[in-house]
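**Student:** make a model of this:
(chains A and B)
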Amino acid sequence: MAMAIRAFLIFVLFLSSTQFCFSLYEDQVGLMDWHHQYLGKVKHAVFHTQKTGRKRVLVSTEENVVASLDLRHGDIFWRQILGTNDAVDALDIALGKYIITLSSDGSILRAWNLPDGQMVWESSLQGLKMSKSILNIPKNLKANKDDLILIFGQGCLHAVSSIDGEVLWKKDFSGQSIEVQQIIHSPHNDIVYVAGFVGSSNFYVYKVNAKNGELLKDNNVELPSGTYGELLSVSSDMFVVLEDTRSKIVMIDLKNEEINYKYSHISDLIKYSSGQAVILPSRLPGIFALQLNSHSILIKVANEGGLVLVEKINDAAAISDAVSISEGQHAFAFVQHEDNKIYFTVKDVDNWNADLLKERIVIDNQRGNIEKIFINNYIRTDRSNGFRALIAMEDHSLLLVQQGDIVWSREDGLASVVDVTTSELPVEKKGVSVAKVEQNLFEWLKGHMLKLKGTLMIASPEDVVAIQAMRLKSSEKSKMTRDHNGFRKLLIVLTRAGKVFALHTGDGRIVWSVLLRTLRKSDACERPVGLNIYQWQVPHHHAMDENPSVLVVGRCGPSLAAPAVLSFIDAYTGRELNSLSPAHTVAQVIPLPYTDSTEQRLHLIIDVNQQAYLYPKTPKAIDILQHEFSNVYWYSVEVDNGIIRGHALNSRCNREVVDEYCFDFRDLWSIVFPSESERIITTTRRKLNEVVHTQAKVMTDQDVMYKYISKNLLFVANVAPKARGEIGTATPEESWLVIYIIDTVTGRILHRMTHHGCQGPVHAVFSENWVVYHYFNLRAHRHEMSVIEVYDQSRADNKDVWKLLVGKHNLTSPISSYSRPEVITKSQSYYFTHSVKAIEATSTAKGITSKQLLIGTIGDQVLALDKRFLDPRRTLNPSQAEKEEGIIPLTDSLPIVSQSYITHSLKVEGLRGIVTVPAKLESTSLVFAYGVDLFFTRIAPSRTYDSLTEDFSYALLLITIVALVAAIFVSWVLSERKELQDKWR
Amino acid sequence: MASTMRSKQLVLLLFVQSCFALFSSSFAHSSGSTEGYTINGRAKIPSVGTKEFFLPGKISNAKVILNGGQRVTFLRPDGYFSFHNVPAGTHLIEVAAIGYFFSPVRVDVSARNPGKIQAALTENRRGLDEFVLEPLREEQYYEIREPFSVMSIVKSPMGLMVGFMLLVVFLMPKLMENMDPEEMRRAQEEMRNQGVPSLANLLPRSS
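**Tutor:** Numbers count the residues shown, from 1 in each chain, chains lettered A, B, ... in the order given. Presented below is the predicted three-dimensional model:
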């Protein structure tokens, strides 16, 4: 018997010793995670529909994405994400097979292969001067051998061969101090006209031979007045520009190699016109568009130089460029927007009376105004012309409109997420119908039989497909109710367009979206920006019947002095409950750890005039704050001056107008870093809602260390002033990195450390009592990650059992920032291979589960790295006891195990941030990574020790039980028989 | 592909070979006027389809990153890439390609001696007097499902349960047989005295 028990124990040990890190099987992709690809707000679009086969549209966006989209469904054929400071200036097609992009202020020209997005060639165009960048690809309908691309950028005119990107010639205009605004290439005589202004009134035209760049002729004329805005070319020899008072139009004519100009009053064209006109940059033959007040006015240039008003569009409208529909016939489109309808009109440029197309399309109200429209024509089956339009909306979404309908739409606003918070889903209503369950029982069994087949590897290929579909489709994960494990939540994201989306964590679908009125452009608010999103009301104990709500804080403009805007949104429905445009500004928002009786969280908004405003504005909130008045502390970081200040509330505001919710505050302390040797580059603090399970940490020698756990710790990283730039700009001797850990209540510096020969960028994460930060070591020329752990020494002598018994211990004494406990720190540094874009630590409900670091690498992947690898106690030869505790032998670099990439073979392109949210299940943490793409998954840093895995086979369990019962009966029958035989003997 | 007006051209060939050899030859020459240098390199990614699994890494998905994101460029079909207008100094080049692990490369662009470039892999500190960049390894992002085997069933908790039971059912009687009958009886007596319920007592006794 004892032997059997021992054998069993060995089996159990064997089981428990099979350690796993985070890893996925390939067929588990998409079970817990989802990955959505976006593009960003479209800036340029070119259709490619000439050939039979795949019809596509090529776009470039404000997120520096160049992409090819399927025109039928809006899917992405391919996508290339350029660097963050490599903004695309122009996009066009050359030779019918290359996409040409001009980026980085006209200094980089790239050609991409149309079918697969492979970069074919790249040219660097160098010049000395910043200038407007213009890309001009001559449209030769007949295939011409030497296709030339003309680029004006960096003050020079370049001619580049479109076959291999070789720069054929270059003409430098930077010496002439001319601001070149237009280049016109006339293909029949191979002449390039370069037009621009010196100053604002001296108009210059250069005539350049397109074959060799030879300057043939230059001509200039001094206009009697200055000009405003951009020069627009109306035809191959006619330009229009606004006069500097913006009330007259200047037409400049280049006929017969002479420059003639003519002024026309706008008021002659439109009666009672007032206000400031702007020429819209639409390229239309013989026509230009003016924006005056809120109207758009189309003006035709008559042959003899007269101007004729042809159309006045009253509402907010967008006007497309012209497309050629047949020989000598051009069409263009404009769209008007009213409430939830858009009016899409296509007109012939020459024949103004008839509409080629007029359609009314119903559109979602939450998309805002139309910002851009690109049109394309096609031949219908009856040989007439049909038109489709690609429309970029105010919320950055992209629509394709054809035959009076929206064919597809893309929510590309999600490519520019600014901030993320989460909300619980509603609780499931009681009373699930029995019939449904019974009906599902058979399905359930069938599903498990299939799964069993899968685990036993006897499933046929069809079965495998069925299993995979079943697992992916599982309706369980995308339900709109709260689940027991807390996996289902709403991710509420604020985008740069001022739109708020609620995404379901199960499959990433949009539950609701709302374009905030307060964050839209208006007269009161010229350039609104969304800043942050906070949980405003999280009902759990009281007010259970109320919906949770979120607070969106924005600002009317990019400067700190712009007034604040606040919006409160119902998290279940997306309804805007309330919006405020307070007079004060917003420098900082502090969610206080207090809630009122309806579970509304108290927030302090600090403005730039040293005043704090309390929200919600209720008397109850004032009462609560008065009660905790002396316990409210915060800090502010002045990066430019190198100062960190601590603040506390002082008194009510002392102003003429009584405002009960306004408070003055005082500075408690300040730390001034010497600006000649240190500049602040990063500050990080602990997450406010982080839970720590235990303060004690048992060491190998049965010793106890107490973690110094304070919510008021701040990590500051400073670098030498010379080392503030990128890698490669500083030498190791003149760069250093100084890090501080500061208590933000007292201003006490707990720890200071200098890394010589190191520089930023620094990415850091602060959790529990440790901080991990990533920086660049110039001496080794490698990235490094360091860990600092802070321990409370004042509690260290509590180990004496006698003291504990007698009660002479300080374990129950409250942790207070007023006391000055002795702290000790332990730290260690390791090499890390990659550059890093973001670091985050997992967070779980109770803080029991061990932590993992989530590292967003430069390759836009997210790596999960166990915190054990960043343990300062790692030694070269850990003792047996240390090994048992799980201390890993010291290595100089951190291991990168490819199976522990939580994004597996996907990339979160343009990764900007990682958010972790605890699930209700202690072992599991939800991870949301955002950038141009969105990625969500859930991870279990110590495996799912508190629940069965997804793969758990209930069928195998059933079979085992049946087998056991059968075996019991068999053995019983056998023993009965044996007994009987014994009795007969 | 070379532009005729490149300022100073330093050709850094980061030659990534599909074999194990980590060597390449650096040659550099300078020309022209303005302030920056050009770093030219080459990365060769092993051809697609060498693995039995689907390979996400393609040459069109690879990016070459200078100084942690300061500039990003892409590989041409032949694997070449270049950074233009790079100031003198020590730089870091990283290659991001799904499916492959590339070591970052330290690149020294000398100001005093234009035309001199040095490159070294930072992972293994191998200097590239001639030239190098190759994926140090291929990345396998997924666990491989082990094919069905009897062992995997036996190792599962249920399998263990069944196994243990079989052990008891078939081995225990054998052990008992070897025991002395006298001792056996004594032990059975003891057990009965202690009132340990035997399996036979629990089951309904059918006559």
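
**Student:** what's opposite the closest residue to residue A:696 other than its chain neighbours in the beta bridge?
**Tutor:** Of all residues beyond its chain neighbours, the one nearest residue A:696 is residue A:704 (5.2 Å), with distances taken as C-beta to C-beta, 6 or more residues apart in numbering or on different chains. Glycine gets a C-beta too; all of them are placed from N, C-alpha and C. Per DSSP bridges, the residues bridged to residue A:704 are residue A:698.

**Student:** okay, residue A:704: pLDDT?
**Tutor:** Per-residue confidence at residue A:704 stands at 81 (pLDDT).

**Student:** ditto for residue A:214
**Tutor:** pLDDT at residue A:214 comes out at 84.

**Student:** same deal with residue B:17?
**Tutor:** Confidence score, pLDDT, at residue B:17: 34.

**Student:** repeat that for residue A:622.
**Tutor:** Per the predicted model, pLDDT is 90 at residue A:622.

**Student:** do the same with residue A:816
**Tutor:** Note for residue A:816: predicted pLDDT of 64.

**Student:** and chain A, what are its domains?
**Tutor:** What automatic domain parsing lists as the domains of chain A is A:315-410, A:421-430+A:481-585, A:435-478, A:587-672, A:680-810+A:817-832, A:953-985.

**Student:** ok, which of the ones you listed comes nearest residue B:99?
**Tutor:** Nearest to residue B:99 among these is domain A:680-810+A:817-832; the distance by C-beta to C-beta comes to 20.4 Å.

**Student:** any idea how far the closest one is from the chain center?
**Tutor:** In this view, domain A:680-810+A:817-832 has its centroid 29 Å away from the chain centroid, taken as C-alpha atoms, centre = their mean, to the nearest Å.

**Student:** stretch A:929-946 too?
**Tutor:** That offset, for stretch A:929-946, works out to 17 Å (C-alpha atoms, centre = their mean).

**Student:** show me the helices in chain B, by range?
**Tutor:** With helices called from DSSP state H, chain B shows them at B:150-155, B:157-178, B:181-194, B:199-202.

**Student:** oh, I was asking about chain A
**Tutor:** A:2-16, A:266-269, A:434-455, A:461-473, A:619-627, A:801-806, A:880-885, A:954-984.

**Student:** if you average pLDDT over each of those helices, which is lowest?
**Tutor:** Taking the mean pLDDT of the helices of chain A, helix A:2-16 comes last: a mean of 45.

**Student:** what ranges of chain B fall below the confidence cut-off?
**Tutor:** Across chain B, the ranges flagged by pLDDT under 70 are B:1-35, B:47-59, B:114-115, B:129-132, B:147-149, B:194-207.

**Student:** quick one: contacts for residue A:136?
**Tutor:** A:149, A:150, A:151, A:152, A:183, A:185 (C-beta atoms under 8 Å, 6 or more residues apart in numbering or on different chains).

**Student:** out of the residues you listed, who's nearest chain B?
**Tutor:** Closest approach to chain B among the contacts of residue A:136 (C-beta to the nearest C-beta): residue A:151, at 12.4 Å.

**Student:** can you tell me, leaving aside adjacent residues, what's nearest to that closest one?
**Tutor:** residue A:158 is the one closest to residue A:151 (C-beta to C-beta, 6+ apart), at 4.6 Å.

**Student:** hang on, isn't the one you found packed against residue A:167?
**Tutor:** Yes - the criterion here is C-beta atoms under 8 Å, and residue A:158 meets it with residue A:167 at 5.6 Å.

**Student:** between those two, what contacts are shared?
**Tutor:** Joint contacts of residue A:158 and residue A:167 (C-beta under 8 Å, 6+ apart) are residue A:125.

**Student:** these two: which is more packed in?
**Tutor:** Counted by other C-beta atoms under 10 Å in any protein chain shown, residue A:158 and residue A:167 do not tie: residue A:158 has more neighbours, with 25 against 22.

**Student:** per-residue pLDDT of the more buried one, please?
**Tutor:** pLDDT, residue A:158: 88.

**Student:** what about residue 135, how many neighbours?
**Tutor:** Let's take chain A. Look at residue A:135: counted by other C-beta under 10 Å, it has 22 neighbours.

**Student:** my bad, chain B
**Tutor:** When neighbours are counted by other C-beta under 10 Å, residue B:135 comes out with 20.

**Student:** could I get the helices of chain B as a markdown table with mean neighbour count?
**Tutor:** Formatted as a markdown table, the helices of chain B follow (neighbours: other C-beta atoms under 10 Å in any protein chain shown):
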| stretch | mean neighbour count |
| --- | --- |
| helix B:150-155 | 13 |
| helix B:157-178 | 14 |
| helix B:181-194 | 10 |
| helix B:199-202 | 10 |
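
**Student:** which residues touch residue A:162?
**Tutor:** A:94, A:95, A:98, A:100, A:111, A:137, A:147, A:148, A:149.

**Student:** so of these, which ones are in strands?
**Tutor:** Residues of the contacts of residue A:162 located in strands (DSSP state E): A:94, A:98, A:100, A:111, A:148, A:149.

**Student:** around the last one, count how many other residues there are.
**Tutor:** Counted by other C-beta under 10 Å, the residues lying close to residue A:149 total 25.

**Student:** show me what it is bridged to.
**Tutor:** Assigned bridge partners for residue A:149, using DSSP bridges, are residue A:160.

**Student:** circling back: nearest to chain B, of the contacts of residue A:162?
**Tutor:** The shortest approach to chain B among the contacts of residue A:162 belongs to residue A:111, at 9.8 Å (C-beta to the nearest C-beta).

**Student:** ok, that closest one to residue A:164 distance?
**Tutor:** Distance check for residue A:111 against residue A:164: by C-beta to C-beta, to the nearest Å, it reads 9 Å.

**Student:** what does residue A:29 give?
**Tutor:** Residue A:29 is 40 Å from residue A:164, by C-beta to C-beta.

**Student:** who has more neighbours out of these two?
**Tutor:** Taking neighbours as other C-beta under 10 Å, residue A:29 and residue A:164 compare with residue A:29 leading, 19 against 12.

**Student:** test my guess that the more buried one contacts residue A:904.
**Tutor:** Yes - look at residue A:29 against residue A:904 with C-beta under 8 Å: they come within range, at 6.4 Å.

**Student:** can you count the residues close to the nearest residue to residue A:660 once chain neighbours are set aside?
**Tutor:** In space, and not counting its chain neighbours, residue A:660 is closest to residue A:622: 6.2 Å by C-beta to C-beta, 6+ apart. Number of residues near residue A:622 (other C-beta under 10 Å) recorded here: 17.
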